[in-house]
Each structure stands twice: as C-alpha cells, then as structure tokens.
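Q: missing the sequence, but the structure's below:
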C-alpha cells in the first residue's frame, strides 16, 4: 500500500470512529476503523480457526457467518509491537500515527465458484491492542452466491500489516450459523423534506441488517445519522454503515447492528442531524459531557417489530 493510501486510512479511521459514536460517517471502501461500539459478541463456540505465521509474527483467528455478515476475530502474537493491531495509535504527545504491526489492508474472498470478492472490509479495534475484529458484509452478493455461502464455503482473508511486506493468509471453512429471518418492513416515514422507506430487515444469530432508502434533498439526506434502540431503552451497537447514491436524489443506507436482547419486542430507529458549533459545517456542537448534540426528528422515527 502506498503512502497516500496509508494516510487516507488513518483519516478515514477517525471519521468512522465518530460515526460509531453516533455522528454521521462517510461511506468508504476497505479502510481502517476504530470504534467504541463493538459488534455483537459471538453466539456460538468452536468456530472455525486459522493461523498464519512469518516475520516473527503470528495472526490467528476464528470466523462466524450469521447470514448478514462474516465476523473474523483476530489476534496478534510474536514480536511485541507498541501500536494497536487495528486503528490509530497515539504517541506520547497524544498525536495519532499508524504504527508498525497495524492492519493497513484486508482482502477477503470466498474461494469457490471462481472466487467471490467481499467488498469494503472493515477492521475494528477490539479494546485489546493485540486484537481486532474484521467485518465482512454480504449484502452485495446475489441470491445464488448467498445460498452457496450459507451451505458451505471457504473464506480466504489476506491481512497486510504496516512494516511487514508479505500478507498473512488465513483460510476458514465457513457455514452459516442459525437461520436468517426476514422481518416485515414498516410503513414509510416522512416529514416536509425527507422520506425514509425501510426496504428490508433481516435478523441473524448475531446481527440485524436494516436497509433504508432516503429521498429528498441529497445533502440533507446524507447528513442524517441514526441511533437505534430496542423497546427496553437499550442502545444497539452499530457494526457497519454503508451509504450510497441511488436514482434521483435518493440515498440508500445499509445499517448493520448487533442483535437485541431476546426479550426485546421491537426496534426504534431515531434519525437525527448533528448540531454544528457554527453554521452548517465544521466542528460539532458538544454538550457539558463532551458529547455531540443531536437534533432528533420524531416524524421520521421508525418502529420495527421483532416478534
């Protein structure tokens, strides 16, 4: 990876971290990411394992596919690196930098049927500097590819570390865990400027995927953020968010969140726009606790029954 790409990864990492904290985050392709909201915990034990070793470093991990996405739990052993495996590291002055031994690239492929590339992989800091979570979404696959992946497949993940020339190749046998359940989308919600259509909701063993189409003025649609709760008031962790331009002024949103508690009856999506300190751009306005002030739009609030 060249220097320009590496610098961009660091910048995007910080931007997506803000998104995980509830602020709008731009869509990006394969890029580093840090987050305080972590993906849902593993729901099964004895997951497929894989290991790769060279240059005095060993990467080992396991993989889980619940029908919505593939989660790879990764750990690093060997040469002691001071920097985090995923995301940025802070120096003694509190300045961010890309440390040696940090993930700078991930390529993931389903090896059968001529190879199916999984687009836009994410890698997330897992709280431990020597651990990371790789998030591989499967929403872009066609129905035939999804069926093949659900039955049985091999996943090949190539992980590139900063300062190490050769990538680490981990191969996992993969099979879907549990059943992917389709949930009836609710009716559209609208105010005087925007309309949000929920086009698809799927619940897997470890996640819920929500697909939205937002129509209206495109700049305003792109500025909308989403906080998601269950009916018990518990916030749902955001695993990934994909935004893309559609026909006309429409924006498509693909929200991947952690599974709610088993006793949750429905989900509540609370659209909002983050308040700026001055004007309509620049730094966000913060409250006394240092959190971004959000202007929630009750008219656009979406309720999704789970039962």
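A: That came through, no problem. Model, not experiment: these values are computed from the prediction. Residues are numbered from 1 along each chain as shown.
Q: just checking, residue 122 touches residue 135?
A: Yes - using C-beta atoms under 8 Å, residue 122 is in contact with residue 135, at 4.2 Å. Heads up, the C-betas are built off the backbone N, CA and C, glycines and all.
Q: Between these two, tell me which one has more neighbours.
A: Higher neighbour count among residue 122 and residue 135: residue 122, with 26 against 22, using other C-beta atoms under 10 Å.
Q: If the more buried one is in a bridge, with which residues?
A: residue 31, residue 135 (DSSP bridges).
Q: about what we covered before: any common contacting residues for residue 122 and residue 135?
A: Both residue 122 and residue 135 are in contact with residue 240, where contact means C-beta atoms under 8 Å, 6 or more residues apart in numbering.
Q: contacts for stretch 143-157?
A: By C-beta under 8 Å, 6+ apart, the residues outside stretch 143-157 that reach it are 50, 61, 63, 65, 67, 70, 72, 106-113, 116, 134, 136, 138, 141, 169-176, 180.
Q: Sketch out the low-pLDDT regions of the stretch 51-200 of the chain for me.
A: Along the stretch 51-200 of the chain, the parts satisfying pLDDT under 70 run over 113.
Q: tell me which residues in stretch 281-296 are buried?
A: By 16 or more other C-beta atoms under 10 Å, the buried positions in stretch 281-296 come out as 292, 294.
Q: for stretch 88-108, same thing?
A: For stretch 88-108, a neighbour-count test (16+ other C-beta under 10 Å) marks 88, 89, 98, 99, 101, 102, 103, 104, 105, 106, 108 as buried.
Q: from these, which two are the most distant?
A: 89 and 108 (24.1 Å; C-beta to C-beta).
Q: Which stretches in the chain count as helices?
A: Counting by DSSP state H, one finds helices in the chain at the ranges 3-20, 143-151, 218-222.
Q: tell me the contacts of residue 76?
A: 57, 58, 59, 85, 101, 130, 131, 132.
Q: same deal with residue 180?
A: Contacts here follow C-beta under 8 Å, 6+ apart; on that basis residue 180 touches 66, 67, 68, 150, 202, 203, 204.
Q: neighbour-wise, which of these leads?
A: Ranked by the number of neighbours (other C-beta under 10 Å), the contacts of residue 180 place residue 66 first, at 26 neighbours.
Q: My guess is it contacts residue 208. True?
A: No - counting by C-beta under 8 Å, residue 66 sits too far from residue 208 to count as a contact (9.9 Å).
Q: sorry, back to before: show me the contacts of residue 180 that map onto strands.
A: 202, 203 (DSSP state E).
Q: Between all of the contacts of residue 180, which two are separated the most?
A: 150 and 203 (14.8 Å).
Q: Show me what the residue nearest to residue 111 when sequence neighbours are not counted is bridged to.
A: Closest residue to residue 111 apart from its sequence neighbours, by C-beta to C-beta, 6 or more residues apart in numbering: residue 154 at 4.6 Å. Judged by DSSP bridges, the bridge partners of residue 154 are residue 173.
Q: measure residue 150 to residue 135 for me?
A: The gap separating residue 150 from residue 135 is 18 Å, by C-beta to C-beta, to the nearest Å.
Q: Kindly report the same for residue 262.
A: Remark: distance between residue 262 and residue 135 (C-beta to C-beta) = 23 Å.
Q: Reformat the buried residues of stretch 88-108 into CSV and put distance to residue 237 next to each item.
A: Shown next, in CSV, are the buried residues of stretch 88-108 (distance: C-beta to C-beta, whole Å):
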residue, distance to residue 237
88, 20
89, 23
98, 25
99, 26
101, 26
102, 23
103, 20
104, 25
105, 25
106, 20
108, 21
